[in-house]
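S.K.: Provided below are the primary sequence and the corresponding predicted coordinates.
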Amino acid sequence: MTKDIEEMITNALGNKIWIQVCGDHNIFGYRGGLWCGFVKKENVDNVFRDADWDIKESSSFPGFIISGGDKTIYQSNDLSDDGFEALLYNREFYGMADDYVELSQEFILLNNLRYDENSHAYYSMYNNGESEEAVRYKDQQTIEIKFKFIRQYIAAKQLVFILYFDYHKSAAFDNMTNNKEVKTEELFYTIGYGRSNPTNNKWYTRVLGKKLWYPLPVEKCNYWPYEKAEAYPEFDISENQDGSIYKFTCDPDKLANYFGKNPEAPHYLTPIAFKKEVLKKYYDQPEKYTIQDGRLTCGFLWSLPIDNDHKDFISAYLGDIGEKLPESERMHWREYNTIVDDPLSITAFQRDFVNIPADSETTEHQFQANYLKLNREWKEKYGWTLFLEGHDDIEISFDQIRRPLVNSAKEFEELLLDLVKILIDGLNEKDIKNHLEEVHKNLRGIKALGEFLSVNGFKGFEEHITFLKKLYDLRSSGVAHLKGKSYQKDSRYFNLTDDNYTESFTEILVKANAFLRYLRDSLK
């Protein structure tokens with residue numbers, strides 16, 4: 001019986017990825033509660049004098065205590081005199097509000113945890129922009145913690161983690177043994193038996209105890225300055241005459257610079273080429289990443305200068321990859337590394353080496369620049385913007401506009417939706433209609449814009465209005481609905497076929513640029 005219970009406890013409380021640290025718990029028919037805390041290593045002997053809980057659910061709160069018989073002193077909730085530290089606090093509000101278990105603020109702050117109200121969980125935030133679920137609430141009284149974060153915490157503070165348990169089970173036995181105490185180096189518990197009712201033969205079993213986890217050396221806590229050494233992969237730089245590939249690490253400390261460092265190594269500013277698909281990960285998460293002319297950023301965490309003024313590939317400097325990207329991102333870029341004859345665009349060369357402000361030559365960057373300039377110039381003349389501002393969905397679509405990364409119908413349709421949202425759905429229809437005669441105030445969208453241009457003396461706008469109508473029809477007939485005859489007709493206007501999605505969308509952007517430049521020129 002004892003052996004079965006010990007195996008049960010070991011399996012239930014062993015080294016798992018996730019461990020429940022408080023609340024009700026059920027293992028193999030035994031039901032009971034869990035609580036936890038920390039203790040100094042030198043106090044473990046005192047902890048193992050008995051199986052009782054040393055840190056109670058109601059303990060560890062700050063307040064006044066009586067010390068020395070009659071002396072009243074204030075005690076904070078830091079590490080107590082007897083070496084205990086709480087991880088959890090049982091918050092009680094006397095029936096006036098829901099009780100809940102609260103996590104130690106030091107544990108939250110050291111692990112840089114962010115609470116998400118929707119998932120009722122804490123997430124650890126990393127410098128590559130990713131997050132990892134670290135703590136989750138099954139309910140307000142039950143918490144599970146990913147054990148790696150407890151391991152890191154006790155290594156940093158050199159404390160021992162204690163998990164207390166108190167299990168009960170109703171059981172009937174003919175030959176009951178006496179209560180028993182079991183103690184190993186990391187496990188201490190008692191097995192108690194008793195009658196649940198003196199008038200019958202109903203018995204219960206109670207297993208009360210604690211399990212310890214000792215800390216690893218502080219050097220393995222994985223907090224600064226003890227993080228594991230970063231990996232700096234090698235990147236393909238060029239192809240040798242014999243067909244072999246010349247590679248070199250992106251570790252900036254091993255690269256040459258203009259001050260005589262590592263003269264035999266490639267220079268920090270060696271351009272490395274990548275397939276354009278390397279950016280798909282970042283375009284797919286616009287809430288986290290921003291791609292602009294010459295730069296990729298992840299919030300305020302990291303920023304990488306890139307040369308995205310090429311038609312068919314992206315490039316970045318070898319030293320920047322090692323210095324400005326977190327380790328996981330370096331590995332991502334390594335997967336898309338390729339070799340081209342000239343990985344540096346004229347635009348990047350002028351900006352980085354000749355110190356000449358140079359406009360991008362790519363269609364998407366020209367579109368974005370023209371769009372922003374037109375809105376600013378339009379407002380200067382009319383007092384209101386032609387395109388709506390301050391709409392998150394429009395801003396996200398604006399950042400997505402690009403030459404397609406791959407020749408696929410799916411990406412083409414997604415980009416078409418974004419472009420229509422920006423140029424047509426994003427028209428400032430309210431202010432446009434406010435400047436039309438009463439008879440035309442029922443016009444909407446493209447028709448309202450056409451009427452505004454007509455009455456305000458714009459010349460030769462008709463071809464651009466036609467372009468907007470065809471663009472809207474292509475979206476409506478081919479993306480928003482099942483493709484039919486209308487889609488085939490609209491496709492012919494843009495010379496769209498099943499194998500030229502990349503070129504077709506690029507040509508659409510060319511027409512969009514022409515429309516924006518026409519309006520800018522007409523404002524002068």
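M.R.: Done, it's in. Numbers count the residues shown, from 1 in each chain.
S.K.: Output the contacting helices and strands for the strand ranked longest in the chain.
M.R.: Ranked by number of residues, the top strand in the chain under DSSP state E is strand 159-171. When contacts are defined as 3 or more C-beta pairs under 8 Å, 6 or more residues apart in numbering; DSSP states H and E, strand 159-171 sits against helix 2-13, strand 18-27, strand 30-40, helix 44-47, helix 147-157, strand 203-213. Yep, even glycine has a C-beta here, placed from its N, CA and C like the rest.
S.K.: what angle sits between it and helix 147-157?
M.R.: Using axes from the mean of the first three to the mean of the last three C-alpha atoms, to 10 degrees, the inter-axis angle of strand 159-171 relative to helix 147-157 is 140 degrees.
S.K.: What residues of strand 159-171 count as buried?
M.R.: Across strand 159-171, burial judged by 16 or more other C-beta atoms under 10 Å covers 159-169.
S.K.: so which two of the residues you listed are the farthest from each other?
M.R.: L159 and K169 (31.9 Å; C-beta to C-beta).
S.K.: ok, now which ones touch M96?
M.R.: M96 makes no contacts at all, as judged by C-beta atoms under 8 Å, 6 or more residues apart in numbering.
S.K.: hmm, back to that, pLDDT-wise, what's the bottom of the buried residues of strand 159-171?
M.R.: Lowest pLDDT of these: K169, 78.
S.K.: if I look at that one, how far off is K202?
M.R.: Distance from K169 to K202, counting by C-beta to C-beta, to the nearest Å: 12 Å.
S.K.: With G260 instead?
M.R.: According to C-beta to C-beta, G260 stands 86 Å off from K202.
S.K.: The two: which has the busier surroundings?
M.R.: K202 (12 against 7; other C-beta atoms under 10 Å).
S.K.: List the buried residues of stretch 278-297.
M.R.: Neighbour counts over stretch 278-297 (16+ other C-beta under 10 Å) mark 278-279, 282-283, 286, 289, 291, 293-294, 296-297 as buried.
S.K.: Report how many residues lie close to H440.
M.R.: By other C-beta under 10 Å, 15 other residues sit near H440.
S.K.: Ok, I356 next?
M.R.: 10.
S.K.: if we take the buried residues of stretch 278-297, which one ends up nearest to I356?
M.R.: Using C-beta to C-beta, G294 comes nearest to I356 of those, at 13.6 Å.
S.K.: what's that closest one in contact with, if anything?
M.R.: G294 is in contact with 305-309, 348, 351, 360, counting by C-beta under 8 Å, 6+ apart.
S.K.: can we see that at 7 Å?
M.R.: G294 is in contact with 305-306, 308, counting by C-beta atoms under 7 Å, 6 or more residues apart in numbering.
S.K.: Ok, K281 next?
M.R.: H332.
S.K.: wait, is it part of a helix?
M.R.: Yes: assessed by DSSP: H, G, I helix; E, B strand; the rest coil, K281 belongs to a helix.
S.K.: just to revisit the earlier point, reformat the buried residues of strand 159-171 as TSV; add distance to E437.
M.R.: Listed next are the buried residues of strand 159-171 as TSV, based on distance: C-beta to C-beta, whole Å:
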residue	distance to E437
L159	78
V160	82
F161	77
I162	80
L163	77
Y164	80
F165	80
D166	81
Y167	82
H168	83
K169	85
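S.K.: Would you mind checking which of those residues is nearest to K421?
M.R.: Looking across those and measuring by C-beta to C-beta, the closest to K421 is F161, at 51.9 Å.
S.K.: And the closest one, how far from L471?
M.R.: 62 Å.
S.K.: now swap in V510 and tell me
M.R.: 12 Å.
S.K.: tell me the centre residue of this protein?
M.R.: E130 (3.5 Å; C-alpha atoms, centre = their mean).
S.K.: what sits against that residue?
M.R.: Contacts of E130 (C-beta under 7 Å, 6+ apart): none.
S.K.: mind redoing it with 10 Å?
M.R.: 123-124, 288, 298, 301, 326, 328-329 (C-beta atoms under 10 Å, 6 or more residues apart in numbering).
S.K.: Identify the neighbouring strands of the longest strand of the chain in the sheet and state each direction.
M.R.: Strands adjacent to strand 159-171 in the sheet, as given by DSSP bridges, are strand 30-40 (antiparallel), strand 203-213 (antiparallel).
S.K.: Make CSV out of the ones you listed and add distance to I55.
M.R.: What follows is those, written out as CSV (distance: least, C-beta to C-beta, whole Å):
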stretch, distance to I55
strand 30-40, 4
strand 203-213, 10
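S.K.: okay, the ones you listed in a markdown table with mean neighbour count and distance to D392 next?
M.R.: Formatted as a markdown table, these follow (neighbours: other C-beta atoms under 10 Å; distance: least, C-beta to C-beta, whole Å):
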| stretch | mean neighbour count | distance to D392 |
| --- | --- | --- |
| strand 30-40 | 21 | 42 |
| strand 203-213 | 20 | 45 |
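S.K.: and G319, which of these is closest to it?
M.R.: It's strand 203-213; of those, that one is closest to G319 (C-beta to C-beta) at 42.2 Å.
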